[in-house]
Every structure is written in C-alpha cells, then in structure tokens.
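Student: From the sequence below, what's the structure:
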Amino acid sequence: MKYYYLSLEKESLYEGQESGLLHEKGSGLYICRGTSSINVRVRSKRSRLTDSNQWTCLVLSTWKRYDGHNPDFANHCEVFLWTVGRALSEIRRELRGVAQEISLLAVPSDEFLFNEAYRESLICENTSYSNSKTYFWALQTLRTINDCINSLLSTWERFEVYHLPDLLCGWNYVLSEQESKRHDPGPTSNTVSFLKHIKDKLVKLKELRSLNIERQEEIESLRDGLFNASTVLEARTTVLQG
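Tutor: Numbers count the residues shown, from 1 in each chain. Below you'll find the model as predicted:
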C-alpha cells in the first residue's frame, strides 16, 4: 500500500522512498511517500491455525504511530485483517492531513472578506506567477492523492475477489480431513468485526476522494477567475496605452 504523509522535517526513509518540501508557503512542512506491506505466512495447512506457532505476520511500514496494543488473536486470518484495517486507518489519516494542508495553502482564508489588498492579490497575477503556480501544484497534488486512494480501493477489490476466500478458508483447517468435515466453526466474531472495520475505512476513503474532487473544483474556479481577471486587465492596459 502506497500513501503520502506530512513531516516537520526531511525524513531519512527507506531506499526507494521520497521526501520533499511540501510548498514554499508550507511553513517548512515536508511531504513524504510511505509504504506498508503486510504478509501472513502459514507454516502448515495440516496444523491447527488457532495455534499462534503455526503462522507469522510480517509488517513493513513507514508509519510511526503505534500504541503497542494488540487484541488477542484466534488465528492468522484475524491478525491479517486487523493489521490491514489498522493500516487503512493510518493511511486515511495521513492522506486527509495532506489534503487539508493543500486546501489551506491554495484556498483563500476568511481574510478575503476584510482585506481588499488580499482580494486584489488573488484576482491579479504577480510577476512571479505565484498564484498560478500554487493552483497548478494544488490541483496536481490532489489528483495524486486521489490516484493513491483509487489504487488502495482497487487493490482491496482484487484481494477480496481472488485471495480473501482462501484466507477465510484457513479457519477450517484442523488436524484431519474427517474432523474438518465435522467441525466448521465459521468466521470468528473478531473476523467479522475486522472485516467491517476495513469496509468502513474504505467508505471513508471514498468520502475523502469526493471531498478532494470538490476541493479541485474550487481551486479550478479560483484559477479560472485569476486568468479571466488578468486577461481583462491586460486588455484594458493595452487600450489605454494606445
């Protein structure tokens, strides 16, 4: 899973990761690209998977927040789904923070209501084209965040179709085929709860994607208004100069 997050300093990341200054007006914030990889390895399908010695969960991630608390897992399926849900929670939090900061930097504050000079600075472009550059940066960065969200959603959709059924079948593996036929406990309450948590986070990611689209539309409106106003002023200047 790939995602983006903000940092107060330039980070020393894993090989292949990226980190750079968010924006010249971003108060020294850095934007970083992080990754999370979650794998479960089952040692033997002929053994009881409720025994924690029979499976291993490996998590490689650049996230830093961790409270050290884990629930009591009954099997490999539970630990995998819980870890995925926790990763999605963290990723959504980070992506939301990046999008909010972009909006703060690109969309006018309420100073617009009271400061005429501030309004003029938004209507007319300056010699460094800072407004146009900011709008372009904001639009492309929000697009990148939504591409990241789309990738997360499509990755889970593929996993849900092609791999989740095999993972869920793991709870039926017991000591013998005869016992397997007699004993089918079905998904644990934790498994159902963790799956629901994942689905809830995916819904929240879709909501963030929709909000980012609304932000893009607002920024496009500001950009178009800037271009229109600049064109009118340039035409007026040309007429006055004869």
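Student: Could I get the phi/psi values of Leu21?
Tutor: Main-chain torsions, Leu21, degrees, to the nearest 10: phi -60, psi 130.
Student: Do I have it right that it meets Glu9?
Tutor: No - in this structure Leu21 lies outside contact range of Glu9 using C-beta atoms under 8 Å: 10.8 Å. The C-beta positions use only the backbone N, C-alpha and C, and glycine is treated the same way.
Student: any idea which helix is longest in the protein?
Tutor: The longest helix of the chain (DSSP state H) is helix 189-240.
Student: For it, name the packing helices and strands.
Tutor: helix 76-106, helix 116-123, helix 130-162 (3 or more C-beta pairs under 8 Å, 6 or more residues apart in numbering; DSSP states H and E).
Student: if you average pLDDT over each of these, which comes out lowest?
Tutor: Mean pLDDT is lowest for helix 116-123 out of the helices and strands packed on helix 189-240, coming in at a mean of 80.
Student: any weak-confidence spans in the protein?
Tutor: Across the chain, the ranges flagged by pLDDT under 70 are 11-16, 42-55, 63-69, 170-186, 227-242.
Student: Helix or strand next in line after the lengthiest strand in it, which one?
Tutor: As assigned by DSSP state E, the longest strand anywhere in the chain is strand 30-42. Downstream of strand 30-42, the next assigned helix or strand under DSSP states H and E is strand 55-61.
Student: who touches the residue lying closest to Ile149 once chain neighbours are set aside in this structure?
Tutor: Using C-beta to C-beta, 6 or more residues apart in numbering and skipping the chain neighbours, the partner closest in space to Ile149 is Arg209 (4.7 Å). Counting by C-beta atoms under 8 Å, 6 or more residues apart in numbering, Arg209 makes contact with 146, 149-150.
Student: now these: which count as buried?
Tutor: If you count burial by 16 or more other C-beta atoms under 10 Å, the buried members of these come out as 146, 149.
Student: would JSON lines of the contacts of Arg209 with distance to Ala99 be doable?
Tutor: Below are the contacts of Arg209 laid out as JSON lines (distance: C-beta to C-beta, whole Å):
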{"residue": "Asn146", "distance to Ala99": "9"}
{"residue": "Ile149", "distance to Ala99": "10"}
{"residue": "Asn150", "distance to Ala99": "14"}
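Student: and which of the contacts of Arg209 is nearest Leu122?
Tutor: Nearest to Leu122, judged by C-beta to C-beta, of the contacts of Arg209 is Asn146 at 24.9 Å.
Student: Touching, Val98 and Tyr5? I think so.
Tutor: Yes - assessed by C-beta under 8 Å, Val98 is found in contact with Tyr5 at 6.7 Å.
Student: which residues do these two both contact?
Tutor: Counting by C-beta under 8 Å, 6+ apart, the contacts common to Val98 and Tyr5 are Ile31.
Student: about what we covered before: measure how the longest strand of the chain sits relative to helix 76-106, angle-wise.
Tutor: Per axes from the mean of the first three to the mean of the last three C-alpha atoms, to 10 degrees, the angle that strand 30-42 makes with helix 76-106 is 170 degrees.
Student: now strand 30-42: how far from the chain's centre is it?
Tutor: For strand 30-42, the separation from the chain centroid amounts to 12 Å (computed by C-alpha atoms, centre = their mean, to the nearest Å).
Student: Stretch 210-228 too?
Tutor: Using C-alpha atoms, centre = their mean, the offset of stretch 210-228 from its chain centre is 21 Å.
Student: Also stretch 128-137?
Tutor: 25 Å.
Student: And it, what's buried?
Tutor: Buried residues in stretch 128-137, defined by neighbour count with 16+ other C-beta under 10 Å: 131, 134-135, 137.
Student: ok, which pair from these is furthest apart?
Tutor: Among the buried residues of stretch 128-137, Asn131 and Trp137 lie farthest apart (C-beta to C-beta), at 10.8 Å.
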